[in-house]
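Asker: the amino acid sequence is not available; the structure is as follows:
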């Protein structure tokens, strides 16, 4: 009779597979422990590096780059002083005006110059450029005139003073924005430009801007 070779039992293959799986599991666990021990509190290491990385992304001096010219310094002063008289003028419009259009223009003055004044003061501190805490004597005189006016007389005086003032500063803004080499001043000039443009728009929407006011502004444009 022929002898027949015994067929290996399936259970032997299964045992080998189980043994290999256990070995792999042990290796993976060992590697994981080694990595954890090597990095220690890896989360702390990574988080400790984040501030430095963020600072690098922010750029030198947090974005404050470029020289500050005499015109830049004058611009910081003019933005500050504009807010110091135009915000009180905007408040007066809410109680002295006879027209809703004037009251609306006054609210634009209040909101726009509140934001500009905050930005201007921040940039002044960052650049080490002192700015005044009072409007000019002429500007304070304009506020005094507005305080004494009422109704339609107030409306016309308000538009005459504010449209002339915004038109004249608009000229300076363009010069600063076109020539400044300082990033903070450039940002301030851009924001001021947008705010002044909005204010001129709402003042013109009142229908009270006169040719005489525009001629006054035109006379200040360098020839």
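Answerer: Arrived safely, thanks for sending. This one's a predicted model, so the numbers in the text were calculated from it and none came from an experiment.
Asker: could you use CA atoms for every contact and neighbour count after this?
Answerer: Noted.
Asker: what helix or strand is the residue nearest to residue 205 when sequence neighbours are not counted located in?
Answerer: Closest residue to residue 205 apart from its sequence neighbours, by CA to CA, 6 or more residues apart in numbering: residue 101 at 7.3 Å. Taking DSSP states H and E as the criterion, the element that holds residue 101 is helix 100-127.
Asker: show me what that helix is packed against.
Answerer: Helix 100-127 sits against helix 70-96, helix 183-204, with contacts defined as 3 or more CA pairs under 8 Å, 6 or more residues apart in numbering; DSSP states H and E.
Asker: could you dump these to a markdown table with distance to residue 164 and mean neighbour count?
Answerer: Converted to a markdown table, these look like this (distance: least, CA to CA, whole Å; neighbours: other CA atoms under 10 Å):
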| stretch | distance to residue 164 | mean neighbour count |
| --- | --- | --- |
| helix 70-96 | 12 | 20 |
| helix 183-204 | 9 | 19 |
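Asker: for those helices, which one sits closest to residue 112?
Answerer: Taking CA to CA as the measure, the helices and strands packed on helix 100-127 were each checked against residue 112, and helix 183-204 came out nearest at 5.9 Å.
Asker: quick one: mean pLDDT over that closest one.
Answerer: Mean per-residue pLDDT for helix 183-204: 97.
Asker: show me what counts as buried in the next helix or strand after it.
Answerer: Using DSSP H and E, the helix or strand that follows helix 183-204 in sequence is helix 211-218. Of all the residues in helix 211-218, those buried under the rule 16 or more other CA atoms under 10 Å are 213, 217.
Asker: roughly how far is helix 211-218 from the heart of the chain?
Answerer: Counting by CA atoms, centre = their mean, to the nearest Å, helix 211-218 is centred 33 Å from the centre of its parent chain.
Asker: do stretch 111-118 as well
Answerer: Average the C-alpha atoms of stretch 111-118, do the same for its chain, and the two points are 11 Å apart (CA atoms, centre = their mean).
Asker: cool, thanks, talk later.
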